[in-house]
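Asks: Got a predicted structure here, sequence first:
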Amino acid sequence: MQRIRSSFAWLCGLVITLAFCTSTPVSAFTFQVIHDFAGGKDGSAPGYTLLSGKRGFIGTAFGGGASGNGIVFDLKQKTSGWTVKPIYNFADTDGAPGWGVTRFNGSLYANASYAGVFGGDCGSALQLNPANGGYQSVLMHTYVQKQDGCPTGNLVLDASGNVYGVTQDGGANGWGSIFELAYTGGAWTETILYSFAGGSDGGAPYAGPIFDKAGNLYGTATARGNAGCGQGCGTVYELSPGKSGWTYAVIYSFTGGDDGGQPTAGVVLDKLGNLYGAAESYGAQGGGTVFELSPSGSTWSFNLLASLPGTGGPVVSLTLAGASTIYGTSFFGTSGYGAVFRVKQTNGLWKYRDLHDFTGGSDGGYPGGGITLDAGGNLFGTAVLGGANNDGVIYQLAK
């Protein structure tokens with residue numbers, strides 16, 4: 001099967017539910033580049049969402065580093081400004097990080113793509129443990145395309161420390177899989193929880209899944225499904241544990257109309273159990289959509305919150321800031337280099353606001369990562385290219 005294309009891998013009026021409003025390019029935030037990657041030890045092409053760390057953030061860069069395969073870095077603010085310190089250099093045997101890291105009990109967990117030395121042809125899953133001021137890797141799993149597929153998205157852990165993730169293609173049916181890695185008997189063992197068939201169930205998931213409080217997994221598949229877009233526009237799924245195993249269910253299939261299509265980004269949960277997500281393509285303005293899925297008994301209700309302008313929308317998960325504010329990034333947006341946006345509910349109506357349009361120049365371009373908030377409500381993110389050295393940037397939108 002041909003690998004499914006995603007915006008990151010390959011480098012104004014607004015229609016909203018129950019209302020129409022116009023967006024404004026004027027932002028209440030001040031944009032600033034806080035780090036220009038140089039392509040050396042500090043890495044290059046920071047491709048995913050930052051993780052909040054101690055007095056700063058942790059992130060990944062797809063290139064550069066000691067071996068040229070990318071790094072995990074620590075971003076901290078000092079009196080002289082923001083500094084980036086590599087805390088793990090990906091080796092030739094690891095592959096390169098195409099996604100972010102997940103933290104659990106002091107260790108970091110990451111997927112790396114296209115490592116072949118261990119006998120696989122798709123990449124590796126790594127546990128990074130603190131050592132000597134940085135991190136040391138433990139190989140958890142080597143991916144083989146014809147067996148489990150090629151890894152994509154962030155890994156997620158349950159309360160017992162079991163690791164879950166997705167592959168985009170390959171596997172039993174060629175459309176990817178959802179898997180579990182469990183540490184038993186002194187070794188990590190993989191179990192395939194679901195293999196996508198590429199039919200009404202969807203196929204080719206790009207973003208990793210998330211857990212709810214009951215232990216159910218939720219995620220998106222970028223392709224196939226029930227209707228629209230020729231062979232389907234993607235799905236949102238639920239995977240539920242039970243005594244006899246896991247049960248897979250589609251809770252929404254995109255049509256490629258006003259609801260959008262190709263949900264490359266994952267979903268996030270609010271405190272009430274509602275799911276929020278984004279579709280990368282289609283929608284009334286062509287730049288994708290922001291949506292909510294609300295549970296009602298055994299079914300889910302789809303609510304369109306915003307239709308995004310431009311030619312390509314979010315490729316990573318949205319960020320919730322309380323019950324009425326959502327932040328996100330569009331990979332192309334209206335400028336062709338991406339945008340940071342806000343969708344906010346005021347008096348029961350959701351309104352879109354463009355916070356920054358990237359130019360591909362000194363401010364960066366193609367925000368492959370989403371938005372991370374600090375305690376003061378300031379926004380932080382990454383852009384894959386652009387900046388002083390055209391190796392990408394880390395930016396801040398300060399209140």
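Replies: Nice, thanks for sending it over.
Asks: Enumerate every residue touching F73.
Replies: Each residue near F73 by C-beta atoms under 8 Å, 6 or more residues apart in numbering is listed here: 42-43, 58-61, 84-87. For the C-beta atoms, the positions are set from N, CA and C on the backbone; glycine is no exception.
Asks: Provide a ChimeraX selection command restricted to the buried entries of the residues you listed.
Replies: A single ChimeraX command suffices to select whichever of the contacts of F73 are buried according to 16 or more other C-beta atoms under 10 Å:
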select :42,43,58,59,60,61,84,86,87
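Asks: Of the contacts of F73, which belong to strands?
Replies: Cross-referencing these against strands under DSSP state E gives 58-61, 84-87.
Asks: G377 reaches A398, doesn't it?
Replies: No - G377 is not in contact with A398 according to C-beta atoms under 8 Å; the separation is 9.3 Å.
Asks: where in the stretch 201-350 of the chain is pLDDT low?
Replies: Within the stretch 201-350 of the chain, the stretches with pLDDT under 70 are 227-228, 230.
Asks: Just the helices from it, written as ranges.
Replies: Secondary structure of the stretch 201-350 of the chain (DSSP state H, counting those that start in this stretch): no helices present.
Asks: hang on, the earlier thing: can you lay out the ones in strands among the contacts of F73 as CSV showing pLDDT and distance to G287?
Replies: Below are the ones in strands among the contacts of F73 laid out as CSV (pLDDT from 0 to 100; distance: C-beta to C-beta, whole Å):
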residue, pLDDT, distance to G287
I58, 97, 30
G59, 97, 26
T60, 97, 26
A61, 97, 27
V84, 95, 31
K85, 95, 36
P86, 96, 35
I87, 96, 36
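Asks: which of the residues you listed sit farthest apart?
Replies: The span of those, defined through C-beta to C-beta, is set by T60 and K85 at 13.4 Å.
Asks: hmm, back to that, out of the contacts of F73, which comes closest to G198?
Replies: Once C-beta to C-beta is applied, the member of the contacts of F73 that ends up nearest G198 is T60, at 29.5 Å.
Asks: I figured the closest one hits T102, correct?
Replies: No - in this structure, T60 is not within contact of T102 by C-beta under 8 Å, at 11.2 Å.
Asks: which residues do these two both contact?
Replies: Common neighbours of T60 and T102 (criterion: C-beta under 8 Å, 6+ apart): A110.
Asks: How far does stretch 382-398 stretch from one end to the other?
Replies: Criterion C-alpha to C-alpha, to the nearest Å; first-to-last residue distance in stretch 382-398 is 15 Å.
Asks: typed the wrong thing, it's stretch 196-203
Replies: Stretch 196-203 end-to-end distance (C-alpha to C-alpha) = 5 Å.
Asks: And for stretch 38-45?
Replies: Its first and final residues considered, stretch 38-45 spans 10 Å by C-alpha to C-alpha.
Asks: quick one: average pLDDT of that stretch?
Replies: Mean pLDDT, computed over stretch 38-45, is 95.
Asks: what's next to it, contact-wise?
Replies: Contact partners of stretch 38-45, identified using C-beta under 8 Å, 6+ apart, comprise 35, 37, 61-66, 70-71, 73, 84, 86, 384-385, 389, 391-392.
Asks: Give me the subset of the residues you listed that lies in strands.
Replies: 35, 61, 71, 73, 84, 86.
Asks: picking that back up, now a ChimeraX select for only the buried ones of the contacts of stretch 38-45.
Replies: The following ChimeraX line selects those of the contacts of stretch 38-45 that are buried, judged by 16+ other C-beta under 10 Å:
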select :35,37,61,62,63,64,65,70,71,73,84,86,384,385,391,392
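Asks: Please identify the buried residues of stretch 283-297?
Replies: Residues of stretch 283-297 classed as buried: 283-293 (neighbour count, 16+ other C-beta under 10 Å).
Asks: Run a quick neighbour tally on N274.
Replies: When neighbours are counted by other C-beta atoms under 10 Å, N274 registers 18.
Asks: That one contacts L293, doesn't it?
Replies: Yes - the pair N274 / L293 is scored as a contact, 6.8 Å apart, by C-beta under 8 Å.
Asks: ok, back up a step: which among the ones in strands among the contacts of stretch 38-45 gets closest to F358?
Replies: Comparing the ones in strands among the contacts of stretch 38-45 against F358 with C-beta to C-beta places H35 closest, at 15.5 Å.
Asks: Report the contact partners of the residue lying closest to that closest one once chain neighbours are set aside.
Replies: Closest residue to H35 apart from its sequence neighbours, by C-beta to C-beta, 6 or more residues apart in numbering: I394 at 4.2 Å. I394 is in contact with 33-35, 37, 46, 50, 59, 75, 82, 84, 380-382, counting by C-beta under 8 Å, 6+ apart.
Asks: Contact partners for Y327?
Replies: With C-beta under 8 Å, 6+ apart, Y327 has these contacts: 318-319, 321, 340-342, 370-371, 373, 379.
Asks: ok so, going back, show me which of the contacts of F73 is closest to Y143.
Replies: T60 (17.6 Å).
Asks: Distance check, the closest one against G53.
Replies: 13 Å (C-beta to C-beta, to the nearest Å).
Asks: picking that back up, will you turn the ones in strands among the contacts of stretch 38-45 into TSV that also has distance to A182?
Replies: Output for these, formatted as TSV (distance: C-beta to C-beta, whole Å):
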residue	distance to A182
H35	37
A61	30
I71	28
F73	29
V84	34
P86	30
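Asks: ok, which stretches of the stretch 201-350 of the chain are strands?
Replies: Taking DSSP state E, counting those that start in this stretch as the test, the strands found in the stretch 201-350 of the chain are 210-211, 217-221, 235-242, 245-253, 268-269, 275-279, 286-296, 299-309, 319-320, 325-330, 339-346, 349-357.
Asks: which other helices and strands contact the third one?
Replies: Counting contacts by 3 or more C-beta pairs under 8 Å, 6 or more residues apart in numbering; DSSP states H and E, strand 235-242 is packed against strand 217-221, strand 245-253.
Asks: Pick the most deeply packed of those.
Replies: strand 217-221 (a mean of 27; mean count of other C-beta atoms under 10 Å).
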